[in-house]
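1. Need a 3D model of the following:
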Amino acid sequence: MALTQRLEFRQSQSLVMTPQLMQAIKLLQLSNLDLTTFVEEELERNPLLERASDEAPTEAPAETGQFSDGDDFGGSSGDEPGGGSGEAFEPGQEEWMSKDLGTRAEIEQTLDTGLDNVFSEEPAEAAARNAQDAAPTTYTEWGGGASGDEDYNLEAFVAAETTLADHLAEQLSVAFTAPAQRMIGQYLIDLVDEAGYLPPDLGQAAERLGAPQQEVDDVLAVLQKFDPPGVCARSLSECLAIQLRELDRYDPAMQALVEHLDLLAKRDIASLRKLCGVDDEDIADMIGEIRRLNPKPGMKFGSARLQTMVPDVYVRPGPDGGWHVELNSDTLPRVLVNQTYYSELSKKIGKDGDKSYFTDALQNATWLVRALDQRARTILKVATEIVRQQDGFFTHGVAHLRPLNLKAVADAIQMHESTVSRVTANKYMATNRGTFELKYFFTASIASADGGEAHSAEAVRHHIKQLIDSEEPSAILSDDTIVERLRASGIDIARRTVAKYREAMRIPSSVQRRRDKQSTLGNVLSSALSDRSRNTEPA
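-> Next comes the predicted model:
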């Protein structure tokens with residue numbers, strides 16, 4: 001078998017993940033906030049990128065707008081001396097100042113009055129200096145700013161929001177003097193969440209700090225006496241117990257109630273009354289005291305600020321009965337490529353390294369502008385198709401939401417499913433029924449009982465919630481009953497699916513709902529009877 005060499009031409013297609021393509025894919029899945037941050041970094045990095053809203057400052061005189069008769073100074077004819085800026089007056093001013101005015105008597109005769117009546121004995125410079133050295137007498141002189149000052153910022157005078165960690169740290173510095181105890185206390189404070197709770201298990205705290213467990217427990221006992229009452233608790237029962245001790249109401253009966261909060265949640269008043277060893281009136285008073293406590297003591301302090309969600313797409317009713325879809329222009333970065341600056345630089349740059357740098361910068365800037373434009377077009381195209389597919393939702397509500405998946409939208413707009421998935425991530429749509437994430441409109445399909453059109457999972461959840469909200473206290477619907485009613489409405493669904501949807505909506509079981517509604521009904525009837533008895537008493 002002989003080995004030979006030869007040349008061959010082969011033609012093949014392959015997808016090459018260039019850096020520009022990877023950047024375009026990354027831009028698709030960014031939210032508007034992340035996109036703004038990314039563009040700001042590119043503006044700092046690339047000298048050929050600039051904001052489209054940036055305008056060159058006008059070189060008009062700064063004082064022109066301050067005079068109502070400014071045209072008299074400028075003049076329409078440029079031949080007049082002094083018709084431009086204030087510099088044109090300088091030769092005249094110097095000529096006037098160099099002119100000999102004569103003696104004092106001649107000046108007084110010319111002015112027809114004495115110099116004492118015209119000029120102050122104190123020079124103007126000295127008066128201005130004294131006024132400058134004098135203490136400010138008004139709020140605006142202290143730097144507070146007048147109401148017409150554009151740089152005036154009222155928020156600069158607002159006190160900083162005190163967080164729970166800062167509030168506890170201030171008390172920690174007073175409660176402990178030993179450095180080891182302060183270190184343990186600060187470590188525990190750092191573990192407190194925004195509601196004021198510590199993790200249930202603090203077993204590793206002593207090991208990480210290298211301190212005895214007893215010392216950690218002693219520090220924790222002091223922290224639990226800090227303000228607000230109930231802070232640094234490891235459970236709801238402990239939080240309520242700390243507050244009750246603060247009020248001197250933690251007796252054995254109340255302790256038994258706090259230790260069995262699960263029975264209180266189930267409205268099992270009979271078992272609670274038996275455990276606490278009290279009568280009906282006492283157990284009602286104890287439950288009232290529990291309800292007046294604060295289960296989340298740390299929430300009244302400042303926490304991390306939440307960023308307001310800004311929609312990327314607006315959907316409005318059209319004049320022809322359809323829907324008008326448009327992008328939110330406020331969320332779209334406006335950047336341009338400064339071709340003029342590049343042309344000027346290319347004439348002056350002599351080094352090859354500098355030329356290659358600015359050439360790469362031009363390519364990156366051009367690609368970024370194109371990628372941003374393509375991103376906006378893709379979002380609009382996907383949003384328009386979603387509105388077309390879910391027109392029943394926008395017209396009639398959640399009950400008419402159709403089953404929809406990524407493949408249906410991708411096939412309709414001739415794109416890949418992964419592209420649609422990236423576009424719908426972290427994007428929001430403002431509609432006449434509220435603001436929703438784009439992924440909200442993609443729901444699973446549930447078969448119809450009569451073989452008709454399938455139902456959306458979100459529409460089925462909405463139907464289940466409507467059935468439960470309209471049930472009577474004397475006729476609570478079980479999951480089996482809900483299944484029967486859904487099948488009567490043409491929805492084929494299993495009982496476990498109903499239970500899963502109900503739990504996802506945080507709706508309790510039929511047994512718990514019966515207890516809650518009967519207890520509420522009993523409270524209403526008892527209050528009505530008491531009001532009636534008071535009204536029938538003789539005056």
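2. Backbone dihedrals for D193, both of them.
-> phi -80, psi -180 (degrees, to the nearest 10).
3. Now do it, the pLDDT please.
-> D193 carries a pLDDT value of 89.
4. dump the residue contacts of it.
-> Shown in contact with D193 (C-beta atoms under 8 Å, 6 or more residues apart in numbering): G298. Bear in mind the C-beta positions are built from the backbone N, C-alpha and C, glycine included.
5. ok, now how distant is it from V335?
-> 40 Å (C-beta to C-beta, to the nearest Å).
6. so N405 touches F442, yeah?
-> Yes - assessed by C-beta atoms under 8 Å, N405 is found in contact with F442 at 6.1 Å.
7. Between those two, which is the more surrounded one?
-> A side-by-side neighbour count of N405 and F442, using other C-beta atoms under 10 Å, places F442 first with 21 against 13.
8. What pLDDT does the model give that one?
-> Looking at F442, the pLDDT reads 89.
9. again, but for the one 4 residues further on
-> I446 is assigned a pLDDT of 81 by the prediction.
10. neighbours around it, how many?
-> Neighbourhood size, I446 [other C-beta under 10 Å]: 19.
11. out of everything not next to it in sequence, what's closest to it?
-> Distances taken as C-beta to C-beta, 6 or more residues apart in numbering place H455 nearest to I446, at 4.7 Å, with adjacent residues excluded.
12. I'd assumed T443 was in contact with the one you found.
-> No - using C-beta under 8 Å, H455 is not in contact with T443; the gap is 9.3 Å.
13. Quick check: neighbours shared by the two?
-> Taking C-beta under 8 Å, 6+ apart as the criterion, H455 and T443 both touch P403.
14. Just want to know which of those two has more residues nearby.
-> Shown here are H455 and T443; by other C-beta under 10 Å, H455 has more neighbours (27 against 20).
15. okay, A284: pLDDT?
-> Looking at A284, its pLDDT is 87.
16. Where does it sit, in terms of helix or strand?
-> Element membership for A284, per DSSP states H and E: helix 280-291.
17. elements contacting that helix?
-> The contact analysis (3 or more C-beta pairs under 8 Å, 6 or more residues apart in numbering; DSSP states H and E) places helix 280-291 against helix 252-258, helix 269-276.
18. Restricting to C-alpha, output stretch 253-261 in PDB.
-> Extracted in PDB, the C-alpha atoms of stretch 253-261 (Å, rounded to 0.1, in the frame of the first residue of the first chain):
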ATOM      1  CA  ALA A 253     -50.000  28.500  81.200                       C
ATOM      2  CA  MET A 254     -48.500  30.900  78.600                       C
ATOM      3  CA  GLN A 255     -45.400  28.800  78.300                       C
ATOM      4  CA  ALA A 256     -47.500  25.800  77.400                       C
ATOM      5  CA  LEU A 257     -49.300  27.800  74.800                       C
ATOM      6  CA  VAL A 258     -46.100  29.100  73.300                       C
ATOM      7  CA  GLU A 259     -44.600  25.600  73.100                       C
ATOM      8  CA  HIS A 260     -47.600  24.300  71.200                       C
ATOM      9  CA  LEU A 261     -48.100  27.000  68.500                       C
END
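19. So what touches that stretch?
-> Taking C-beta under 8 Å, 6+ apart as the rule, stretch 253-261 contacts 236-237, 240-241, 244, 250, 264, 271-272, 275-278, 282-283, 286-287, 289-290.
20. returning to what we had before: give me the phi and psi angles of the residue nearest to I446.
-> phi -110, psi 150.
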